Each structure stands twice: as C-alpha cells, then as structure tokens.
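>>> What follows is a predicted protein model with its sequence.
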Amino acid sequence: MSQLTEYQFPKGFWWGSAASGPQTEGRIENDGKGDSMWDYWYKEAPEKFFNQVGPEKTSQVYQKYQEDIQLMKATGHTTFRTSIQWSRLIPDGVGAVNPKAVAFYNDYIDDMIANGIEPFMNLYHFDMPMALQEKGGWLNRETVDAYVTFAKTCFELFGDRVKKWFTHNEPIVPVEAGYLYQFHYPLEINLKHAVQVGYHEMLASAKAIAAYHGMKLGGEIGIILNLTPSYPRDETNPADVKAAVIADAFFNRSFLDPSVKGEFPVELVELLKEIDHLPVYEEEDLVIIKENTVDLLGINYYQPRRVKAKETPIDHTNGPMPEDYFDTYEMPGRKMNPYRGWEIYEKGIYDILTNVRENYGNIRCYISENGMGVEGEERFINEKGEIEDDYRIDFVKDHLKYVHQAITEGANCQGYHMWTCMDNWSWNNAYKNRYGFISVNLAEDGKRTIKKSGHWFKQISSQNGFND
Ligand code: BGP
C-alpha cells in the first residue's frame, strides 16, 4: 500500500496530550478535597507564585470537563493523560475516600471513553497531601505504604475502564525541586534527603506495580520520566565525557534503570557510597524493585543537558551536590526557545529513543510530554481571536520527524503526547508559560479557544502522519 503522508506513523499510534489533576482541575474546597502541599504553600507564601496565582482555580476542568473533552475530540485526541489528585480522592492522604471525588473521576473517565479518547491515568504529579507532607512526605518511609493504598484504591475504583496507569510523573522533580534547588516545597538543600526521597518514590513505584499486576485487571502500568540527554562539551575530552556520564546517572539513570531494569546504576551507587549518602533501605526492597519493573515507559522531553568537566570551585555551603561533579555548558550557537528560555534540540528525542532501544531492551514506550512554553502568547492572537502559533507547529513537527526516524530504525515508540491540551497552571510559574493546543482566557472565566496548532494536530492525527 502506498504511503498516505511523507511521515506516516504505525497503525494505532496514540495521538494526544498530557496534563495533571492539580494543574487543571481547580481546588473546589466544598467538594471535599484536602490540602496538597501546593494548596498549603500558596496560602503561606502567595508571592512565590507568578502573578500570585495559586492552585485553587487553575483551568476549572472540574466544572468544564465535558466541554474540554469535546475540544480534545476537535483537536484529534485519541488518548489523553491526566492524574488523579491524591488529596482529592483521599483528603488526609490515608483513610476515608471522598465520594465526590469518586463521582468526578468516574464521570471524567466515562466521558473520555464515550468520546473515543483513551484515558491514561497517572497517580502522582508532585502533589503530596499536606497531612503526609507534615510527617515528612517522601522522606518518611510510611508514605510509601500510604501511596500503595492510594494506588490500589484507584485501581479498584477505576481499573475496570482505565487500562494505562503510571506510578509517577517525573519523579526526579520532587527530588531536585524540593530537596536540592528550592523551587518546590519543602525548599530544602540536602542531598542526603534528596536521595532518600528518590529512593522511596522508586520503592513506592515498584510496590504499586506489584499490586497492579496482582489484581489482574488486564491493563498496563508504567512510569513517566523526564529524560534530559547529557551531552559533553567535547566528546573527545575524557573529563567532559565523565562529567556527562555522572550527570546522566544523577538525573536520568537514577530512575530509568530501576524502573526498567530493576537495578540502580552502579556508578551512582558507588559515588553515593563514597560520600556516605546511600539511602536507608531494607534488603528485601531491592528484591521488590528487581521483580517489579514497568510494562510501559513514558518519556518527557523538553531540552538536553550540556555539561563540561568541573572548572569552577566546589561550593561547600550546602554539603555535597550533583554539581560538584560537572559544570553546566552553554553551547555557542545553540537554538533557543525565544519565549521561554529553554534550548530546543530536536535530535535529543531521537537520541533518547535510540538509547532506550539499544540499552533498555527496546521496552514499549511513548513520548508522554514534549512542548513549547510561550510567555505572553496573547500577542499572537489574530482578528478572529485565535492564537497563530506556527512556532508550536514547527516545534512539534520537527520533534515528530525524529520520532519517526527512531521508529523506522526499530524504536518501540507507540505514541506522542504534547504538553498540554489547554493552557494550564504550572506550579510556581502559574500561567506564565502557555503550552496548550487550546488557549484559556483567565479574564473571561477560562474561555477556551482552539489555537492554530490544535487544528493542525487534528489533521495529523486523522492522517496518522504529515507531510513536510
Ligand atoms: C513538566 C511538568 C509539567 C509542566 C511542564 C511545563 O516538567 O511535568 O507539570 O509543568 O513541565 O513547565 P513550565 O510551565 O515551568 O514551563
């Protein structure tokens, strides 16, 4: 059969986008939601959030989900990922389930399915219930058990219809943001705590996978990792290459290896041992992690990490840090997103997929986030009130070409989700950077309008590919 388009994707390729509960739903206090650490932190320090916009309103998906699902359909979604807010379903983190949350997620899931959109559900997207955060959050081993109970509750309630589950979104983020670089609560700088938090997240993931497989619900369970391929300044300089290997171990393999291979990378374990920073663990944990690896890997890709051998003096103020082993490198001439300040390097997505194919058993995977944030996007509104985001179309297309190439060479990549469906609230950045296929006008009660990229996506989804 002759090809329909120049870049034709395999039959059944998943087209869609990703979001999360805390970034889209809004809080709706009187419907029984408990505080997550974001609700708490916003009340404590609203000035930490862009324009002082907090998580209480976000994009009102709780009220508008039916309209939004029609918009997903209109923009060609065959699949959509969001997350179940732990503090909505189990307001205190442990204990009673909130019946209004059950009703909401049931309706949301059912409506997606009725409209031909397969729901992908994630369990943890940075949103620790505050009642558990007060007891240490992921630092406290008891949180692992609380999380597994939450996970099982979700599988029991929704697992008859949801067939794609994910244990975490970007588990490195709570580690780096909360315990190294101070952009998420609890704003610590402490590598020992960071390592413990990451370890507990991994243990929780393996235990949730074990529980899911034991329930035999006939679906698959995976994890979503943000992978930042680490490139050395000079590939022929062994010190630069070593710096890139260490950065990769800290920020990628720390979660990728245990999730897919069931083992932590030896290089990282040795390094942490040397500085007496191994986490507290029990021998049997390692068996659980070994035996319960993922069925499916979600890959978030935004930008690469470029490093060089350490040249600046080590800063001892806060004890050991990953940056003791490498310096960041700004490659001259690199292509930048002018509206968000991140590097754009499309080939990175190909390098990740090739790495997964060659070194991780070619596990079934998909691109679970990729996208272009734009500050001040309203400047691109045309006279019809639509945002003409040709830059986003180019961004997605240029990445998809590399995804296509990787698949042609044998990568087991099953789909592409853009971040995000409609503009949403993004943690400290609130509504600063807009990412959606659909705009949300906060001044007009969250009015939605499909952007040019949304119409374009509908076309590529229906053709299962595109021409250059
Ligand atoms: C990803 C997260 C998302 C979202 C996105 C955009 O790492 O998974 O939750 O926040 O980044 O981030 P920002 O709005 O800060 O540009």
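Perfect, thanks for sending it. Residues are numbered from 1 along each chain as shown.
>>> Is residue 109 within a helix or a strand, and which one?
helix 99-114 (DSSP states H and E).
>>> buried residues in that helix?
With burial defined by 16 or more other Cβ atoms under 10 Å, the residues of helix 99-114 counted as buried are 101, 104, 105, 108, 109, 111, 112. C-beta: built from backbone N, CA, C; applies to glycine.
>>> Could you report the pLDDT at residue 277?
Note for residue 277: predicted pLDDT of 98.
>>> wait, it sits on residue 196?
No. Between residue 277 and residue 196 there is no contact under Cβ atoms under 8 Å: 9.2 Å.
>>> Of these two, give the one with the bigger neighbour count.
residue 196 (23 against 16; other Cβ atoms under 10 Å).
>>> Surely that one is in a helix?
Yes. Checked against DSSP: H, G, I helix; E, B strand; the rest coil, residue 196 lies within a helix.
>>> Okay, buried residues for stretch 140-148 please.
By 16+ other Cβ under 10 Å, the buried positions in stretch 140-148 come out as 140, 141, 143, 144, 146, 147, 148.
>>> got CSV for the residues you listed, with distance to residue 80 too?
What follows is the buried residues of stretch 140-148, written out as CSV (distance: Cβ to Cβ, whole Å):
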residue, distance to residue 80
140, 33
141, 34
143, 28
144, 29
146, 27
147, 23
148, 26
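>>> Quick one: those as CSV, columns for pLDDT too.
Listed next are those as CSV, based on pLDDT from 0 to 100:
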residue, pLDDT
140, 98
141, 98
143, 99
144, 99
146, 99
147, 99
148, 99
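>>> Which ones among those also lie next to the ligand?
Filtering the buried residues of stretch 140-148 for proximity to the ligand (criterion: Cβ under 6 Å from any ligand atom) leaves nothing.
>>> List the contacts of the closest residue to residue 106 other than its chain neighbours.
Leaving aside its sequence neighbours, residue 106 sits nearest to residue 158 (Cβ to Cβ, 6 or more residues apart in numbering; 7.2 Å). Residue 158 makes contact with 84, 105, 106, 109, 121, according to Cβ atoms under 8 Å, 6 or more residues apart in numbering.
>>> ok and the residue in the stretch 201-350 of the chain nearest the ligand?
residue 226 (5.5 Å; Cβ to the nearest ligand atom).
>>> can you check the stretch 301-450 of the chain too?
For the stretch 301-450 of the chain, Cβ to the nearest ligand atom, closest residue to the ligand: residue 426, 3.1 Å.
>>> Then the stretch 101-250 of the chain?
For the stretch 101-250 of the chain, Cβ to the nearest ligand atom, closest residue to the ligand: residue 170, 5.0 Å.
>>> what about the strands in the stretch 1-150 of the chain?
Shown for the stretch 1-150 of the chain, the strands assigned by DSSP state E, counting those that start in this stretch span residues 7-8, 14-18, 79-83, 118-122.
>>> Would you format the ones you listed as a markdown table with mean neighbour count and mean pLDDT included?
Below are the strands of the stretch 1-150 of the chain laid out as a markdown table (neighbours: other Cβ atoms under 10 Å; pLDDT from 0 to 100):
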| stretch | mean neighbour count | mean pLDDT |
| --- | --- | --- |
| strand 7-8 | 18 | 98 |
| strand 14-18 | 25 | 99 |
| strand 79-83 | 26 | 99 |
| strand 118-122 | 24 | 99 |
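>>> Which one, of the ones you listed, ends up nearest to residue 211?
strand 118-122 (14.7 Å; Cβ to Cβ).
>>> What is the closest one packed up against?
Contact partners of strand 118-122 among helices and strands, from 3 or more Cβ pairs under 8 Å, 6 or more residues apart in numbering; DSSP states H and E: strand 14-18, strand 79-83, helix 99-114, strand 164-169.
>>> and if we set it to 6 Å?
Strand 118-122 sits against strand 79-83, strand 164-169, with contacts defined as 3 or more Cβ pairs under 6 Å, 6 or more residues apart in numbering; DSSP states H and E.
>>> Around the ligand, pick out the residues from the stretch 201-350 of the chain.
So the stretch 201-350 of the chain meets the ligand at 226, 300 (Cβ under 6 Å from any ligand atom).
>>> Do you know the pLDDT at the residue lying closest to residue 71 once chain neighbours are set aside?
Nearest non-adjacent residue to residue 71, counting by Cβ to Cβ, 6+ apart: residue 438, 5.5 Å away. Residue 438 is assigned a predicted lDDT (pLDDT) of 98.
>>> ok, what's across the strand from residue 438?
Residue 438 forms beta bridges with residue 422, residue 450, as assigned by DSSP bridges.
>>> Assess the claim that it and residue 447 are in contact.
No. The criterion here is Cβ atoms under 6 Å, and residue 438 misses it with residue 447 at 10.3 Å.
>>> Which residue of these two possesses the greater neighbour count?
Between residue 438 and residue 447, residue 438 has the larger neighbour count (other Cβ under 10 Å), namely 22 against 11.
>>> what's near enough to touch that one?
71, 422, 448, 450, 454 (Cβ atoms under 6 Å, 6 or more residues apart in numbering).
>>> just checking, the second one touches residue 440?
If I follow you right, that is residue 422. Yes. Taking Cβ under 6 Å as the definition, residue 422 is a contact partner of residue 440 at 5.3 Å.
>>> tell me the contacts of the nearest residue to residue 454 once chain neighbours are set aside?
In space, and not counting its chain neighbours, residue 454 is closest to residue 437: 3.6 Å by Cβ to Cβ, 6+ apart. Applying Cβ under 6 Å, 6+ apart to residue 437 gives the contacts 75, 451, 453, 454, 457.
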